[in-house]
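Novice: okay, predicted coordinates and the sequence, questions at the end:
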Amino acid sequence: MAVVIEVNELTKRYGSKTAVDGLSFTVRPGRVTGFLGPNGAGKSTTLRMILGLDAPTTGTATVSGVPFHRHPRGLRHVGALLDAGQVHGGRSAAAHLSALARSNGIPRRRVGEVLQEVGLAEVANRRIGGFSLGMKQRLGIATALLGDPPVLMFDEPVNGMDPEGVLWVRRLFRRLAHEGRTVFLSSHLMSEMENTADDLVVIGRGRLVAAEPLRDFAARGTGRSVVVATPQAAELAAVLTAAGASVEPEGSAGAEKLAVTGLPADRIGALALRNGIRLDELTTRTASLEAAFMELTADSVEYLAGQHR
Ligand SMILES: Nc1ncnc2c1ncn2[C@@H]1O[C@H](COP(=O)(O)OP(=O)(O)OP(=O)(O)O)[C@@H](O)[C@H]1O
């Protein structure tokens, strides 16, 4: 599959601060790619460099093989939402989009179409200054869609949206990818990506942590373990340890459980049966995406509570 966004050894320094540090990754069409990292990891800076709004200190970023500032089709090739708050509050949504359409050679009819698409048709003539953050996000998404571009980039698009808005935006991203477009969206929340992204680019402290399908990323988290509840915990622990498993007690007094790693659930069940041990619960626990994210970025979180590293 063709590579659409290509970031190669990208570095951005602000004085002595390195915001983006030798970052390389690619983003492909027909998929939703999540750009994930803790606060301050360098996501916005990277997006700004891809869009030519900031110059890299070293390295390159291209969209369809060309640096964005030299792109012949501009907004009609790449649509982006960076900071939804940064729109002129005195204008109406329709006037804002019409001005953009005019200056980018985009047909006027697109204004009505995108307002309809994002659910703002009824407030098209209201001043943007009175919009809620969720409405501003919708307007930002409308702006990105205006030129009907094959490449779309969104920085924290669900900030300030209500649950209904979040569901809507997820469906929209999936549809845009299904249409064959390249969809690249940043977030500092793994939970937002879980139901939306096909691929992940994860960064921490400006550096690449992982770039792979979401499925593979999830499998990298803490290994699988099996939780077992039994009234004969000490006996079972001895049997499982002898069979090569490692066993950790967990749960609370009166409801003790064992967390077992190194043996699958069916083997644990068979060993318990053979030794006459009653099992009240046998559950396989797979690492959550959130756990994988926390684990992989733990070393790269810039601000830990109460401590500046
Ligand atoms: N213009 C600037 N001058 C100095 N430092 C900057 C500038 N822009 C960003 N930084 C620093 O670069 C680092 C990366 O910032 P960036 O906004 O790209 O992170 P982010 O991953 O988008 O974070 P968030 O999720 O909080 O938006 C941060 O430490 C930030 O303080």
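Specialist: Happy to help now that I have it. Source: prediction; values computed, not measured.

Novice: Met49: which element?
Specialist: Assessed by DSSP states H and E, Met49 sits inside helix 43-50.

Novice: what does that helix contact?
Specialist: 5, 7, 10, 12, 19-20, 23, 35-37, 54-56, 61, 63, 68, 80, 82, 153, 155, 184, 186, 188, 203, 206 (CB atoms under 8 Å, 6 or more residues apart in numbering). C-beta: built from backbone N, CA, C; applies to glycine.

Novice: ok, then the element right after it?
Specialist: Next element after helix 43-50 (DSSP H and E): strand 58-63.

Novice: please enumerate the strands of the stretch 101-250 of the chain.
Specialist: Listed in chain order, the strands of the stretch 101-250 of the chain (DSSP state E, counting those that start in this stretch) span 151-155, 182-187, 199-204, 207-213, 225-229, 246-252.

Novice: Ala61 and the ligand, how far apart?
Specialist: 14 Å (CB to the nearest ligand atom, to the nearest Å).

Novice: may I have the beta-bridge partners of that residue?
Specialist: Per DSSP bridges, the residues bridged to Ala61 are Val7.

Novice: what about it, distance to Leu53?
Specialist: For Ala61, the distance to Leu53 equals 11 Å [CB to CB, to the nearest Å].

Novice: neighbour-wise, which of those two wins?
Specialist: Ala61 (22 against 14; other CB atoms under 10 Å).

Novice: wait, the more buried one sits on Thr11?
Specialist: No. When contacts are counted by CB atoms under 8 Å, Ala61 is not listed as touching Thr11 (11.0 Å).

Novice: list the contacts for Leu172?
Specialist: Counted by CB under 8 Å, 6+ apart, Leu172 has contacts Glu117, Ile141.

Novice: spell out which parts of the stretch 51-200 of the chain neighbour the ligand.
Specialist: His188 (CB under 6 Å from any ligand atom).

Novice: how many neighbours does whichever residue of the stretch 51-200 of the chain sits closest to the ligand have?
Specialist: For the stretch 51-200 of the chain, the residue closest to the ligand is His188, as judged by CB to the nearest ligand atom, at 4.4 Å. By other CB under 10 Å, the residues close to His188 number 17.

Novice: name the nearest residue to it, sequence neighbours excluded.
Specialist: Among residues not flanking His188 along the chain, Asn39 sits closest, at 5.4 Å (CB to CB, 6 or more residues apart in numbering).

Novice: can you check Asp280 too?
Specialist: Closest to Asp280 by CB to CB, 6+ apart is Ala229, at 4.3 Å.

Novice: what residues are up against that neighbour?
Specialist: Counted by CB under 8 Å, 6+ apart, Ala229 has contacts Gly251, Ala255, Glu256, Lys257, Leu258, Leu279, Asp280, Glu281.
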